[in-house]
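Asks: Predicted model follows, preceded by the sequence.
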Amino acid sequence: MKSSSIPPSATSLPRAPQDDAGARSRRYLIMMAIRIACFVLMVLITPYGWYTWLFAAGAIVLPYVAVVLANVGEDVHRKDAENPERALTAGPVAAERAPDRTPPVIQIQETRSIPRTPDQTNPPGSDEDVR
């Protein structure tokens, strides 16, 4: 059950799209470098044997695997966020405050303004009334 009053934690935010795209392209380039190495080793290593077929399989299969892994986002490996409030210890609030000291309270009261009538140009108590 999600509560709308609790803001999302920084640990629950997904990875930034630029960081995710950079990680996927880096993974793709590494796999393509391995594919090129497999192709070069397949051609250069002589005498040909069972390992030649292994390098050929790597050169053929790795492009497909690289594309599939490059298209998979990081949501597959996403973990649930840890609630940081669980790590906080809350002591009793009343024990922290001294019983004889109460915090000062400031009260503000507003008064209603009295609307003026047209025949009251100078209200009583104004500076213009005393001349």
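Replies: Sure thing, it's come through. As the structure is a prediction and not an experimental result, all values here were calculated from the model.
Asks: And the strand or helix carrying I30, what does it pack against?
Replies: Here I30 sits within helix 17-44, counting by DSSP states H and E. Here helix 17-44 touches helix 50-71, going by 3 or more CB pairs under 8 Å, 6 or more residues apart in numbering; DSSP states H and E. For every residue, glycine as well, the C-beta is placed using N, CA and C.
Asks: what does the helix it packs on contact?
Replies: 24-25, 27-28, 31-32, 34-35, 38-39, 41-42, 45 (CB atoms under 8 Å, 6 or more residues apart in numbering).
Asks: so where is the protein shaky, pLDDT-wise?
Replies: Scanning the chain for pLDDT under 70 picks out the ranges 1-14, 73-100, 116-131.
Asks: let's see it at 50
Replies: 1, 129, 131 (pLDDT under 50).
Asks: returning to what we had before: could you export the contacts of helix 50-71 to a markdown table, including columns for neighbour count?
Replies: What follows is these, written out as a markdown table (neighbours: other CB atoms under 10 Å):
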| residue | neighbour count |
| --- | --- |
| R24 | 16 |
| S25 | 11 |
| R27 | 14 |
| Y28 | 16 |
| M31 | 16 |
| M32 | 15 |
| I34 | 15 |
| R35 | 19 |
| C38 | 19 |
| F39 | 16 |
| L41 | 16 |
| M42 | 19 |
| I45 | 12 |
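Asks: any idea which of those is closest to R101?
Replies: R24 (59.8 Å; CB to CB).
Asks: Quickly note the distance from the closest one to P103.
Replies: 55 Å (CB to CB, to the nearest Å).
Asks: what's the answer for Q109, then?
Replies: Counting by CB to CB, the gap from Q109 to P103 is 20 Å.
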